[in-house]
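Asker: give me the fold of what follows.
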Amino acid sequence: MPPIMTSHPTNLTIAPEPFNPTSFSPFGTAITSPLPRDLSKTPPLSSLKPSPCVPAPVIANQSTALKYSPISPFVDQYTGKCPSGQPSEARMSMFCCFPRDLRKREDGRKVFDVQILERHPFTSQTFIPVDLSREEEPVFLVIVAPTLKGETATATVTDENGKTVKTTVRDPPDLRNLRAFVARGGQAVTYAPGTWHAPMVVLGDRRVDFVVVQFVNGVGEEDCQEASFGEGIVIDLGVGRVTAKL
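Answerer: Take a look at the predicted model:
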């Protein structure tokens, strides 16, 4: 069981925001095509407007493609930083994520209760949705929180004897500044090393499969750290600039 933080906000409602490279930049990379969806022929490079969020493209694939590189960092910070010294390796996995159950409030609005966050202290982690062929577009929440670097939070855990004991969460999530973003099928997300984030939250009716790319070294506490908390932090899907189609 992950440690349960004993001090956290108990009445915090977050409105989701659009998921784009600028708004998400403090937490990692929002990966989205810089081209309009209806563009079906390779345009001349001179016709493309420069963007501060993506590199300039080059012609590739016998002039049938535009290559943008790099679009997101692939970061391995295990060497020289992880306490065990265990070497890491690149890992590509698939997460088949099913729609989450949402709670309906008395006013009829649907909310998602955030009760756990995790982080990967030494590696970036990228989620790339696949199987976009069906008519219903995938929708998922990207929930992140800043890190309170150099601080600690009091928490409790259940030991091997079933007894509740106190522990400490180092560099805990800043729950009062938690943010949520609504992403869709044509987008991918990279969490920067150490970014606190919720496990993937799929909305709507369809399952979403993600290819996940990261580094791992097989040491549980170094690959993934978790912090949980009680009720009181919710994402209100009926307010804000983006309302997910549910």
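
Asker: hey, what's the residue nearest the centre of the chain bridged with?
Answerer: In the chain, the residue lying closest to the centroid (C-alpha atoms, centre = their mean) is residue 142, at 4.7 Å. Note on residue 142: beta-bridge partners residue 181, judged by DSSP bridges.

Asker: per-residue pLDDT of it, please?
Answerer: We have a pLDDT of 98 for residue 142.

Asker: now the helices for this protein?
Answerer: Assigned by DSSP state H, the chain shows helices spanning 21-24, 220-223.

Asker: so how far is the first one off the chain centroid?
Answerer: Taking C-alpha atoms, centre = their mean, to the nearest Å, one finds the center of helix 21-24 at 13 Å from the center of the full chain.

Asker: the closest residue to residue 67 other than its chain neighbours and residue 173, how far apart?
Answerer: Among residues not flanking residue 67 along the chain, residue 60 sits closest, at 4.1 Å (C-beta to C-beta, 6 or more residues apart in numbering). Every C-beta, even on glycine, is put in place using the N, C-alpha and C of the backbone. Distance, residue 60 to residue 173, by C-beta to C-beta, to the nearest Å: 40 Å.

Asker: picking that back up, most packed of the helices of the chain?
Answerer: Across these, averaging neighbours per residue (mean count of other C-beta atoms under 10 Å) puts helix 21-24 on top, at a mean of 17.

Asker: who are the packing partners of that helix?
Answerer: Here helix 21-24 touches strand 28-32, going by 3 or more C-beta pairs under 8 Å, 6 or more residues apart in numbering; DSSP states H and E.

Asker: that'll do, ta.
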